[in-house]
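Engineer: Following is a predicted model, sequence given first.
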Amino acid sequence: MNNYILEMKGIYKTFGGIVALNHVDFFLRRGEIHALVGENGAGKSTLMKVLSGAYKQDSGEIIFEGEKLSIRNPSDSLKKGISVIYQEFMLAPDLSVAENIFIDKLAEKRSIINWKKVNTSAKELLSSLGFSDINPEEKVANLSVAYQQVVEICKCLSRNSKILVFDEPTAVLTVAESEKLFSIIDQLKNNNVSIIYISHRLEEIFRLADRISVFKDGVNISTTEKNNISIDELVLLMVGREISQMFPEHNHQIGEEVLKVNNFSISKNQKPINFSVKRGEILGFSGLVGSGRTEIMRAIFGADSFNDGEVYINGKKHKYISPRESIKQGIGMLPEDRKQQGLLLEQSIQINTSLPVIDKFTKFFVIDKKLEKKEVVSTLAKFNTKYRDTDNNVSTLSGGNQQKVSLSKWILSDCECLILDEPTRGVDVGAKTEIYKIIEDLAQSGLAIILISSEMAEIIGMCDRVLVMREGQIAGELTSEISEEKIIKLAMGV
């Protein structure tokens, strides 16, 4: 008996002469978790859009449960039991949880909706996944991101989905929320649902997957059992280099103090923190999610309010702490959520890059577009940013190139201290390597860098010194022989 629930054979897809999928073969077993990995643009998401009906392949065939399918649109795919859960949820925020879960079936074949039955059925679905605490009558907009994801999963299950595709599902989740999601995925697998899992986070891949397919340049170059491959071997297949080669050599020279924070606290109950960062230094901030790293940095930058404390820049007290004043004083901040806080997605690459320093190009209230474009193009080139035209919306770029635009705007602003909050979140392994090189180059040029990261390898591979936070306080400092074990012990208070 054929154990494959899905067979995609010779899938070929082009966009304007560019080959996105080059005769791809992909096979999914019943009740397995099959991970797709590869750099941005490798073809993973394009293949899933063909499967979901968002795109139509130029050639090739799709066989589902032994039957050849002609998927013309997403509705065809959903009817067969194939559902995709994207990073941006397909939910109606002003409707209730129950309404979202059964949105396809409300008032089916009748004019009156049985709300008691709808809410009871939603409650049963939520409870089956271990989330009986979610009120089916609650408006979706009032739920946390993690709970909204549970609603999205329940919506798929209400359609009797046999295949679930997860596309970067943990990009907006905390560590604890991610673990809950993993438990749900394990449960779905036990219920014989087939899972396709796309992620740049390799630790997740090795936590969940039964098999792994590696995509490169629109081709499925390898499919293997998880137990037959190591992380190093997987990275080598994806980008042609080992993990040890991802981080650049440290050639930066550490100079005088740029930023000093004295007795700083964001609430009355918090013990004040003190630290400084020097010119050419990469100072790491580590700790568990919720330890207060982001909150402290946002307050120092002026994005959020604080309780007490002082900030000094090049020895001078920073009197009026606000984003505008911080930029004037030479402080830049790359936020952890680039889509919500770091970029204007529906504005051009040029506007996103020049926005913090638009005054540079303005005379008598008129922007010199020619000069602006020249400076933007020059700055983006330093980072090897890939784009068609600076007039294109930044939303058209890959995650890695969006992050390069976010970095470029601070370089254009001539900042002296740059706070980077999760700078490689949601980008592929190849783009990570490029961003690490950019950070090292910035340190070499004399910038003081503060690097916040949840990835131990990133902290260890990039930082000269590490401050570990726990419950809003600095639990300890590591200056030599920085190791995962030492960081975890400080973060957990061991």
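Structural biologist: Yes, it's here.

Engineer: The residue sitting nearest the centre point of the chain in helix, strand or coil?
Structural biologist: In the chain, the centroid-proximal residue (CA atoms, centre = their mean) is residue 426; its distance is 2.8 Å. Assigned by DSSP: H, G, I helix; E, B strand; the rest coil, the conformation of residue 426 is coil.

Engineer: Going along the chain, name the helices of the stretch 151-300 of the chain.
Structural biologist: 175-190, 202-208, 231-239, 293-301 (DSSP state H, counting those that start in this stretch).

Engineer: and those helices, which is most packed in?
Structural biologist: helix 293-301 (a mean of 23; mean count of other CB atoms under 10 Å). The way it works is simple: take the backbone N, C-alpha and C, and place the C-beta from them, glycine included.

Engineer: Tell me which other helices or strands that helix touches.
Structural biologist: Identification of packing neighbours for helix 293-301 by 3 or more CB pairs under 8 Å, 6 or more residues apart in numbering; DSSP states H and E yields strand 257-265, strand 282-287, strand 331-334, strand 417-421, strand 448-452.

Engineer: which residues touch the fourth one?
Structural biologist: The one in question is strand 417-421. Contact with strand 417-421 is made by 258-259, 277, 293-294, 297, 300-301, 313, 330-336, 410, 439, 442, 447-452, as judged by CB atoms under 8 Å, 6 or more residues apart in numbering.

Engineer: Separate out the buried members of those residues.
Structural biologist: Buried members of the contacts of strand 417-421, counted by 16 or more other CB atoms under 10 Å: 258-259, 277, 293-294, 297, 300-301, 313, 330-336, 410, 439, 442, 447-452.

Engineer: Report the separation between the closest residue to residue 450 other than its chain neighbours and residue 360.
Structural biologist: Among residues not flanking residue 450 along the chain, residue 419 sits closest, at 4.6 Å (CB to CB, 6 or more residues apart in numbering). Noted for residue 419: a distance of 22 Å to residue 360, by CB to CB, to the nearest Å.

Engineer: Going by how many neighbours each has, rank the two and give me the top one.
Structural biologist: A count of neighbours by other CB atoms under 10 Å puts residue 419 above the other of residue 419 and residue 360, at 28 against 16.

Engineer: what are the ranges of the strands in the stretch 251-400 of the chain?
Structural biologist: Using DSSP state E, counting those that start in this stretch, the strands of the stretch 251-400 of the chain run over 257-265, 273-278, 282-287, 308-313, 316-317, 331-334, 362-363, 366-367.

Engineer: about what we covered before: which stretch among the helices and strands packed on helix 293-301 approaches residue 377 most closely?
Structural biologist: strand 331-334 (20.0 Å; CB to CB).

Engineer: any idea of the mean pLDDT in that closest one?
Structural biologist: Strand 331-334 comes out with an average pLDDT of 92.

Engineer: Who are the packing partners of it?
Structural biologist: helix 293-301, helix 323-328, helix 399-412, strand 417-421.

Engineer: lowest-confidence stretch among these?
Structural biologist: Of all these, the minimum mean pLDDT falls on helix 399-412 (a mean of 85).

Engineer: List the contacts of residue 205.
Structural biologist: Taking CB under 8 Å, 6+ apart, we find residue 205 in contact with 35, 37, 197, 199, 212, 226, 234.

Engineer: Over to residue 474?
Structural biologist: Contacts for residue 474 (CB under 8 Å, 6+ apart) come out as 273-275, 467-468.

Engineer: how deep is residue 473 tucked in, by neighbour count?
Structural biologist: Counted with other CB under 10 Å, residue 473 comes out at 17.

Engineer: now do residue 86
Structural biologist: Residues near residue 86, counting by other CB under 10 Å: 16.

Engineer: How about residue 245?
Structural biologist: Residues lying near residue 245 (other CB under 10 Å) number 12.

Engineer: Then residue 125?
Structural biologist: 23.

Engineer: where does it land in three-state SS?
Structural biologist: helix.

Engineer: Now do the same for it: its pLDDT.
Structural biologist: Looking at residue 125, the pLDDT reads 88.

Engineer: what sits against the residue nearest to residue 384 when sequence neighbours are not counted?
Structural biologist: Counting by CB to CB, 6+ apart, residue 384 lies nearest to residue 434, which is 6.6 Å off, once chain neighbours are set aside. Contact partners of residue 434, counting by CB under 8 Å, 6+ apart, are 383-384, 400, 404.

Engineer: Enumerate the positions of the host helix or strand of residue 434 that are buried.
Structural biologist: Assigned by DSSP states H and E, residue 434 falls within helix 429-444. Using 16+ other CB under 10 Å as the test for burial, helix 429-444 gives 429-436, 438-443.

Engineer: Equivalent analysis for stretch 139-148, please.
Structural biologist: Those would be 140, 143, 146-148, for stretch 139-148 by 16+ other CB under 10 Å.

Engineer: now, the most widely separated pair of those residues?
Structural biologist: Every pair of those checked by CB to CB; the farthest is 140 and 146, at 12.7 Å.

Engineer: count of neighbours near residue 476?
Structural biologist: 17.

Engineer: you'd agree it is in a strand?
Structural biologist: Yes: membership of residue 476 in a strand is supported by three-state DSSP.

Engineer: Check it and give its pLDDT.
Structural biologist: At residue 476, pLDDT is 93.

Engineer: So it sits against residue 491, correct?
Structural biologist: No: at 9.1 Å, residue 476 does not count as touching residue 491 under the criterion of CB atoms under 8 Å.

Engineer: Identify the contacts common to those two.
Structural biologist: Contacts common to residue 476 and residue 491, judged by CB under 8 Å, 6+ apart, are residue 468.

Engineer: Just say helix, strand or coil for the nearest residue to residue 180 once chain neighbours are set aside.
Structural biologist: Nearest residue to residue 180, sequence neighbours excluded (CB to CB, 6+ apart): residue 146, at 6.7 Å. At residue 146, secondary structure determined by three-state DSSP is helix.

Engineer: All set now, cheers.
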